[in-house]
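Student: Please find the sequence and the predicted model below.
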Amino acid sequence: MALNIIWYCLIFALFAGYAVLDGFDLGVGALHLLAGRTDSERRIVLNSIGPVWDGNEVWLVVAGGALFAAFPYVYATVFSGFYLALMVLLLALVFRAVAIEFRSKSPLRSWRQSWDVAFSGASILVAFLLGTALGNIIGGIPLDPAGNYAGSFFDLLNPYAILNGVATVALFMMHGSIYLVLRTDGDLRDHVKHLANRCMVFFVLMYVLVTMATLLYVPRMGTHMKHRPWLLAAPLLTLLAIANVPRQMTHKKNFGYAFVSSCLAIIGLMALVAIGMFPDLVPSNSTQHGDLTLFNASSTPQTLKIMLVIALIGMPLVSTYTIAVYWLFRGKVRLDKASY
């Protein structure tokens with residue numbers, strides 16, 4: 001039982017790490033057409049994530065692999081039920097990578113503008129699909145007696161899931177805009193500051209809407225907090241982190257702390273999902289069939305134990321690599337011959 005709980009926490013920690021890291025470069029991509037007004041500015045925007053975007057996506061691969069190893073029934077249900085959506089997600093990720101690499105291969109204006117649109121559109125689509133998938137998991141999906149997905153693709157496009165998708169785009173745009181403020185200077189930085197203020201308003205609006213929709217339509221997400229009041233510290237700390245973002249951006253002018261607060265807000269939101277769903281991993285919205293939980297959908301205790309040892313060895317290596325890359329490429333973006 002303890003191993004199951006540990007892996008439940010690890011899975012959410014890995015997905016939270018992915019949301020923090022790939023979240024800002026997806027946000028930068030979503031803002032690419034708005035932030036860069038000239039070809040030079042768009043190259044700066046693109047190169048702000050140039051050294052790190054592919055490393056950030058490693059966290060999604062690691063999280064998916066951990067889910068497969070620790071909770072294979074959940075992996076099978078989600079990847080078969082969301083198959084079409086996941087294929088679109090993978091195609092968007094591939095197309096986004098191609099756009100980054102190909103964008104500056106030709107000096108033609110039409111060539112670069114086409115790849116700019118492709119890069120921005122793919123970034124928005126990836127963020128939206130990730131948020132929609134999370135919204136479906138939170139709201140519950142139709143499962144048959146064997147725990148297989150029993151709905152259709154269009155069942156996934158329900159209002160609550162779509163609302164979560166838009167909120168995720170808003171969150172990543174806010175996160176990415178703050179990152180851009182840290183990596184740019186001059187007129188571009190001033191322009192990005194204005195975009196960041198709008199993105200913060202957009203996210204706060206979506207956060208309020210998603211919170212209200214969750215309390216109304218998915219009341220079980222607050223069950224644990226009703227019975228364990230000390231868990232209310234999680235939403236309170238998350239709210240403080242969100243409130244500290246505009247405070248640091250507009251009043252304190254401390255953009256580094258604003259970015260840290262944005263990271264903490266994402267971690268807090270993922271923690272709220274983990275607390276609200278526990279012990280479910282894939283809730284069923286049918287009253288006749290049960291949920292896939294961390295107990296009935298896990299691997300054997302021996303497998304969980306072996307995988308935990310591997311995770312304890314691998315995660316510090318991935319974390320060290322990530323920290324080293326960000327330290328090496330810190331500071332303002334400067335274009336050179338090797339730039340995108």
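Tutor: Good, I have the coordinates.

Student: can you map out the strands along the stretch 201-340 of the chain?
Tutor: Read by DSSP state E, counting those that start in this stretch, the stretch 201-340 of the chain holds these strands, from start to end of the chain: 280-282, 292-293.

Student: Of the ones you listed, flag the one that's most buried.
Tutor: With neighbours taken as mean count of other CB atoms under 10 Å, these reach their highest mean count in strand 280-282, at a mean of 23. Every C-beta, even on glycine, is put in place using the N, C-alpha and C of the backbone.

Student: Give me the contact list for that one.
Tutor: In this structure, residues lying in contact with strand 280-282 by CB atoms under 8 Å, 6 or more residues apart in numbering are 8, 11, 71, 74, 77-78, 137, 141, 143, 147, 291-294, 297.

Student: switch to 10 Å and redo it
Tutor: Contacts with strand 280-282, where a contact means CB atoms under 10 Å, 6 or more residues apart in numbering, come from 8, 11-12, 67, 70-71, 73-75, 77-78, 81, 136-138, 140-141, 143, 147, 149, 220, 290-298.

Student: Equivalent analysis for stretch 220-227, please.
Tutor: Here stretch 220-227 has contacts from 138-140, 211, 214-215, 219, 231-235, 272-273, 275-278, 280, 283, using CB under 10 Å, 6+ apart.

Student: Please repeat the previous calculation with a cut-off of 7 Å.
Tutor: I138, T214, L215, L231, L232, I275, G276, F278 (CB atoms under 7 Å, 6 or more residues apart in numbering).

Student: Name all residues that make contact with the third one.
Tutor: What that stands for is L215. By CB under 7 Å, 6+ apart, the contact set of L215 is G222.

Student: Tell me if I'm right that L134 and N164 touch.
Tutor: Yes. In this structure, L134 sits in contact with N164. The criterion is CB atoms under 7 Å, and the distance is 5.8 Å.

Student: buried residues in the helix or strand harbouring L90?
Tutor: When elements are assigned from DSSP states H and E, L90 belongs to helix 83-102. Along helix 83-102, these residues count as buried under the neighbour rule (16 or more other CB atoms under 10 Å): A85, L86, L89, A92, L93, F95, R96, A99, I100, F102.

Student: buried ones in the helix or strand just after it?
Tutor: Towards the C-terminus, the helix or strand next in line after helix 83-102, according to DSSP H and E, is helix 109-139. By 16+ other CB under 10 Å, the buried positions in helix 109-139 come out as 112, 115-116, 118-139.

Student: on that earlier part again, possible to save the contacts of stretch 220-227 as JSON lines with pLDDT and distance to I178?
Tutor: Written out in JSON lines, the entries for the contacts of stretch 220-227 read as follows (pLDDT from 0 to 100; distance: CB to CB, whole Å):
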{"residue": "I138", "pLDDT": "93", "distance to I178": "26"}
{"residue": "T214", "pLDDT": "94", "distance to I178": "25"}
{"residue": "L215", "pLDDT": "91", "distance to I178": "28"}
{"residue": "L231", "pLDDT": "90", "distance to I178": "28"}
{"residue": "L232", "pLDDT": "90", "distance to I178": "27"}
{"residue": "I275", "pLDDT": "94", "distance to I178": "26"}
{"residue": "G276", "pLDDT": "92", "distance to I178": "27"}
{"residue": "F278", "pLDDT": "92", "distance to I178": "30"}
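
Student: one step back: comparing the strands of the stretch 201-340 of the chain by mean pLDDT, which bottoms out?
Tutor: Note on those: lowest mean pLDDT is at strand 292-293, with a mean of 86.

Student: Can you list the buried residues in stretch 6-22?
Tutor: Residues of stretch 6-22 classed as buried under the neighbour-count rule (16+ other CB under 10 Å) are 7-8, 10-22.

Student: Now, those that are in helices?
Tutor: 7-8, 10-22 (DSSP state H).

Student: Looking at the residues you listed, which is nearest V52?
Tutor: For these, the residue nearest V52 by CB to CB is L21; the value is 7.8 Å.

Student: which residue sits closest to that closest one, ignoring its sequence neighbours?
Tutor: With CB to CB, 6 or more residues apart in numbering as the criterion, L21 has its nearest non-adjacent residue at 4.1 Å, and that residue is N56.

Student: list the contacts for I100?
Tutor: Applying CB under 7 Å, 6+ apart, the residues near I100 are L46, W53, F119, Y340.
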